[in-house]
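>>> next input, structure requested:
(2 chains)
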Amino acid sequence: QKEVEQDPGPLSVPEGAIVSLNCTYSNSAFQYFMWYRQYSRKGPELLMYTYSSGNKEDGRFTAQVDKSSKYISLFIRDSQPSDSATYLCAMSVNQAGTALIFGKGTTLSVSS
Amino acid sequence: DSGVTQTPKHLITATGQRVTLRCSPRSGDLSVYWYQQSLDQGLQFLIQYYNGEERAKGNILERFSAQQFPDLHSELNLSSLELGDSALYFCASSAPAGKETQYFGPGTRLLVL
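Now for the predicted structure:
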């Protein structure tokens, strides 16, 4: 079993839809959870950073962490064509200064 | 723009050859991380340096090595290249206080023919 599982998609939605992206993990020691967005042929760009369980909101993006279920989610409200990208979840045991363990990424396409 | 720079952007070489990838971290960041991204394995951690010292190793092959110089830039050396080494190689950096996560450079696309 991989440490972090993420459905690769692709996921196709119309503009304005609410998008839900998810990852599950097996290592209960993970405490820091991140979502990165990666456009084609570009480096990953940090979107959300959360610690432990709970919700965090930033504009149209909401990150949720449920440590009891080992499950994290990213919600995108009012999705835009510019949101079309690959979304990678990442996790670490300690704060910055340790290796990030990534999911394989979910490819999202938002059509206008 | 994350502030992390990587050169070259693209590299095409032959099997058995050796290449060097270069990374400059964000201003003030002491930690540099190298990751490899391939279609089948996803993004995988290779190695981390902190202020010139190796801090952690991941799934890095013995044919690969890295170092971080006094000016904090880092180089990843890949030798005896194989077809399977073709991938995107990313460098990331993080702040010394540890309150931030890692910021990634634009990557180097390596193609081994």
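>>> contacting residues for the most centrally placed residue in chain B?
In chain B, the residue lying closest to the centroid (Cα atoms, centre = their mean) is B:Trp34, at 3.2 Å. Contacts were defined as Cβ atoms under 8 Å, 6 or more residues apart in numbering or on different chains; by that measure B:Trp34 touches B:23, B:45-48, B:60, B:66, B:74, B:76, B:89-92. Where C-beta positions appear, they are placed from N, C-alpha and C, glycine not excepted.
>>> the same query, at a cut-off of 7 Å, please.
By Cβ atoms under 7 Å, 6 or more residues apart in numbering or on different chains, the contact set of B:Trp34 is B:46-47, B:66, B:76, B:89, B:91.
>>> run through who's touching stretch A:104-112.
Outside stretch A:104-112, the residues touching it (Cβ under 7 Å, 6+ apart) are A:6-15, A:19, A:21, A:38, A:79-81, A:83-88, B:42.
>>> strands - which of the contacts of B:Trp34 land there?
Applying DSSP state E to the contacts of B:Trp34, the entries found in strands are B:46-47, B:66, B:76, B:89, B:91.
>>> from those residues, which is closest to A:Leu46?
B:Cys91 (14.6 Å; Cβ to Cβ).
>>> what's across from the closest one in the sheet?
With DSSP bridges as the criterion, B:Cys91 is bridged to B:Trp34.
>>> surely A:Ala85 and A:Arg41 touch.
No - the criterion here is Cβ atoms under 7 Å, and A:Ala85 misses it with A:Arg41 at 11.2 Å.
>>> neighbour count: these two, which is higher?
Per other Cβ atoms under 10 Å in any protein chain shown, whichever of A:Ala85 and A:Arg41 has more neighbours is A:Ala85, with 21 against 10.
>>> show the pLDDT at the more buried one.
Predicted confidence (pLDDT) for A:Ala85: 97.
>>> so the closest residue to B:Glu82 other than its chain neighbours is in which element?
Leaving aside its chain neighbours, B:Glu82 sits nearest to B:Thr15 (6.0 Å; criterion: Cβ to Cβ, 6 or more residues apart in numbering or on different chains). Secondary structure from DSSP states H and E places B:Thr15 outside every helix and strand.
>>> any idea how far the closest residue to A:Pro14 other than its chain neighbours lies from A:Asp66?
In this structure, A:Pro14 finds its nearest non-sequential neighbour in A:Ser111, 5.7 Å apart by Cβ to Cβ, 6+ apart. From A:Ser111 across to A:Asp66, the span is 30 Å (Cβ to Cβ, to the nearest Å).
>>> again, but for A:Gly43
29 Å.
>>> of the two, who's got more company?
Shown here are A:Gly43 and A:Asp66; by other Cβ under 10 Å, A:Gly43 has more neighbours (22 against 13).
>>> dump the residue contacts of the more buried one.
Counting by Cβ under 7 Å, 6+ apart, A:Gly43 touches B:2, B:90, B:104-107.
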